[in-house]
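In: Have a look at this fold, sequence not included:
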């Protein structure tokens, strides 16, 4: 089947495209650098011609509250309209474990708005909620840095490798629409501050990580289980320690 991957040249999208093509599907990477822009609608009708499935793993270039809300509302609205016109029969989107619990954050309010648009579209859908990727630990550290100190809440997190997220996205895309949420997480549970401390130490980063129960996470205060998936989550194979050792 033809599967169009929005954000298909990025970290997750490029891996989804590769995995689907390896399994005999026609996966097409759609992104501004391939002539497809969901914010303006440029190239959408053309790339969706003959597509059965759309996988949206795109992300906002800005995390500022207004900009990220505008990105997800505009791009998702344009995409869903183009899908309806093209006869797409399955919309799969990547979101984040805990989105509904992180509504103090402008970013997660925007992700929630994206999910609501998908649910209301009339197009059969599946949403994959992933825990944070190993590759995003640097971004978490940067967002929590003040001077030489990184302040993070000592709450539990099960980070996941991007390969395992891409595999889940691919399996979901070629399956029957679940009209619900599929969760994917890594095999190991850490405290968030401990996880970032390990990551920085591996890079010889001199910043000090401080456990602060009230430290915001992209604008939202965290409870112990905010970032954890439910009991039915799919569990990835790659362990953080193994991945980290390969980064040396």
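Out: Looks like it arrived, so ask away. Small disclaimer: the values here were computed from a predicted structure and weren't measured.
In: The biggest helix by length in the chain: which residues count as buried?
Out: If you go by DSSP state H, the chain has its longest helix at helix 65-86. Going by neighbour count (16 or more other CB atoms under 10 Å), the buried part of helix 65-86 is 68, 69, 71, 72, 75, 76, 78, 79, 80, 82, 83, 86. The C-beta positions use only the backbone N, C-alpha and C, and glycine is treated the same way.
In: could I get those as JSON lines with pLDDT?
Out: Shown next, in JSON lines, are the buried residues of helix 65-86 (pLDDT from 0 to 100):
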{"residue": "68", "pLDDT": "97"}
{"residue": "69", "pLDDT": "98"}
{"residue": "71", "pLDDT": "98"}
{"residue": "72", "pLDDT": "98"}
{"residue": "75", "pLDDT": "98"}
{"residue": "76", "pLDDT": "98"}
{"residue": "78", "pLDDT": "98"}
{"residue": "79", "pLDDT": "98"}
{"residue": "80", "pLDDT": "98"}
{"residue": "82", "pLDDT": "98"}
{"residue": "83", "pLDDT": "98"}
{"residue": "86", "pLDDT": "98"}
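In: Closest one of the residues you listed to residue 54?
Out: Closest to residue 54 out of the buried residues of helix 65-86 is residue 83 (5.6 Å), distances taken as CB to CB.
In: Now do the longest helix of the chain: which elements does it pack against?
Out: helix 44-48, strand 53-56, strand 90-96, helix 106-119 (3 or more CB pairs under 8 Å, 6 or more residues apart in numbering; DSSP states H and E).
In: Just the angle for it relative to strand 90-96, thanks.
Out: In terms of direction (axes from the mean of the first three to the mean of the last three CA atoms, to 10 degrees), helix 65-86 departs from strand 90-96 by 160 degrees.
In: angle of helix 65-86 against helix 106-119?
Out: Using the same axes, to 10 degrees: helix 65-86 against helix 106-119 is 20 degrees.
In: contacting residues around helix 65-86?
Out: With CB atoms under 8 Å, 6 or more residues apart in numbering as the test, helix 65-86 has contacts from 6, 38-41, 44-45, 48-51, 54, 56, 58, 60-62, 91, 93, 106-107, 109-111, 113-114, 117-118, 121-123.
In: Could you export the helices and strands packed on helix 65-86 as CSV, including mean neighbour count and mean pLDDT?
Out: Shown next, in CSV, are the helices and strands packed on helix 65-86 (neighbours: other CB atoms under 10 Å; pLDDT from 0 to 100):
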stretch, mean neighbour count, mean pLDDT
helix 44-48, 19, 98
strand 53-56, 28, 98
strand 90-96, 24, 98
helix 106-119, 19, 98
